[in-house]
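S.K.: missing the sequence, but the structure's below:
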Ligand code: HEM
Ligand SMILES: [Ca+2]
């Protein structure tokens, strides 16, 4: 089976409005939550497909993905997903998957922060297991160079251009000092005054969890991330790799000068990422609680 826009139109007609209301309220309360929900969907889809594996706590028969290196002490938004799931279960028990809730919440987050909208295809089901090792191996690290970033996305069937568009997700949200310290203190392709100001909150030792914004407008989904890359103000090593004289410089230039092109490419790439190996039909299950299998 393939996913479809109207999957819940008779079984749970209000599901999209329930999710939107809850996301709007969570993002109004804390803008960063929109970023966190977008990232949750990405970290779900890159690990054995969009099957809500990222939401599972450790269980007796598997270790969850929450303790994987890219996720531990970093992923957030699980409580918001739980709140949404409780509301959805109240009107449509056992019908809507956690994986679909994540995909819709990611879209609604982007829209709430000023980004493009798109139709989320639905009908994903939830996994009955999780993979710590796949999370460690498949989620790209911020230490990767351009070639590593391109291969990481190409392993998921995504092109270099789609990798650059999706990296534009870093137009919102924050990162911890531990993920960009080496760039601040040891890299040359960084704007000097930018490095100085970020160093103030990310010392050479200590402060691992201190946060800095991923672009200079971290609560607006816009193309400022790409404008920042052009002036060597990428926060992560991996961000600046997209504009470091290589094959993706021209894509960054395009997105920087034309936000409509960025928005179109971003939403198309989000739909493609959202289609990564979903469980459909009778595979998997509809979890009652997103944190554990039924
Ligand atoms: C291209 C490869 C990517 C790498 C190496 C990467 C790496 C990272 C890192 C290291 C952080 C900071 C985590 C922390 O300090 O706790 C982060 C945050 C974030 N990432 Fe990525 N990421 C990538 C792609 C993506 C994609 C494709 C999306 C979504 C489409 C995305 C969305 C986000 C968001 C929204 C945040 C901020 C989350 C928050 O504030 O809670 N990233 N990423
Ligand atoms: Ca921004």
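M.R.: Nice, I can see it. All values reported here derive from a predicted model rather than from experimental measurement. Residues are numbered from 1 along each chain as shown. Ligands and ions are numbered 1, 2, ... in the order given.
S.K.: can we go C-alpha only for contacts and neighbour counts from here?
M.R.: Noted.
S.K.: is it true that residue 234 touches residue 242?
M.R.: No. Residue 234 lies out of contact with residue 242 (C-alpha atoms under 8 Å); the separation is 9.1 Å.
S.K.: for the stretch 151-294 of the chain, what spans make up the helices?
M.R.: Ranges of helices in the stretch 151-294 of the chain, per DSSP state H, counting those that start in this stretch, are 160-167, 177-186, 192-199, 224-230, 237-241, 249-257, 259-274.
S.K.: alongside ligand 1, which residues does this protein contribute?
M.R.: The chain comes close to ligand 1 at residues 32, 35-36, 38-39, 42, 74, 140-142, 149, 166-167, 169-170, 172-176, 179, 238, as judged by C-alpha under 6 Å from any ligand atom.
S.K.: emit the PyMOL select command for whichever of these are buried.
M.R.: This is how PyMOL selects the buried members of the residues of the chain next to ligand 1, with burial counted by 16 or more other C-alpha atoms under 10 Å:
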select buried, resi 32+35+36+38+39+42+140+141+142+149+166+167+169+170+172+173+174+175+176+179+238
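S.K.: strands - which of the residues of the chain next to ligand 1 land there?
M.R.: 174, 175, 176 (DSSP state E).
S.K.: dump those to a markdown table, plus distance to ligand 2 and pLDDT.
M.R.: As requested, those are exported to a markdown table (distance: C-alpha to the ion, whole Å; pLDDT from 0 to 100):
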| residue | distance to ligand 2 | pLDDT |
| --- | --- | --- |
| 174 | 11 | 98 |
| 175 | 14 | 99 |
| 176 | 17 | 98 |
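S.K.: regarding stretch 127-137, how distant is the last residue from the first?
M.R.: 19 Å (C-alpha to C-alpha, to the nearest Å).
S.K.: run the chain-centre distance for that stretch.
M.R.: On the basis of C-alpha atoms, centre = their mean, to the nearest Å, stretch 127-137 sits 16 Å off its chain's mean C-alpha point.
S.K.: which residues touch it?
M.R.: Applying C-alpha atoms under 8 Å, 6 or more residues apart in numbering, the external contacts of stretch 127-137 come out as 43, 46-48, 51-54, 56, 62-70, 279, 284-285, 293.
S.K.: narrow those residues to just the buried residues.
M.R.: By neighbour count, with 16+ other C-alpha under 10 Å, the contacts of stretch 127-137 hold 43, 46-48, 51-54, 56, 63-70, 279, 284-285, 293 as buried.
S.K.: among these, which are located in strands?
M.R.: Among the buried ones among the contacts of stretch 127-137, no residue falls in strands (DSSP E).
S.K.: next step: the residues you listed restricted to helices.
M.R.: residue 43 (DSSP state H).
S.K.: just want the residue of the stretch 51-200 of the chain that's nearest ligand 2.
M.R.: As assessed by C-alpha to the ion, ligand 2 sits closest to residue 171 within the stretch 51-200 of the chain, at 3.7 Å.
S.K.: and the nearest residue to that residue once chain neighbours are set aside, how close does it get to ligand 2?
M.R.: Nearest residue to residue 171, sequence neighbours excluded (C-alpha to C-alpha, 6 or more residues apart in numbering): residue 225, at 4.9 Å. Distance from residue 225 to ligand 2, counting by C-alpha to the ion, to the nearest Å: 6 Å.
S.K.: give me the pLDDT value at residue 197.
M.R.: With respect to pLDDT, residue 197 has a value of 98.
S.K.: what about it, how many residues nearby?
M.R.: 11 (other C-alpha atoms under 10 Å).
S.K.: kindly report the same for residue 85.
M.R.: Based on other C-alpha under 10 Å, the number of other residues close to residue 85 is 25.
S.K.: for ligand 1, see how far away it is.
M.R.: Separation of residue 85 from ligand 1 (C-alpha to the nearest ligand atom, to the nearest Å) stands at 20 Å.
S.K.: all good on my end, thank you.
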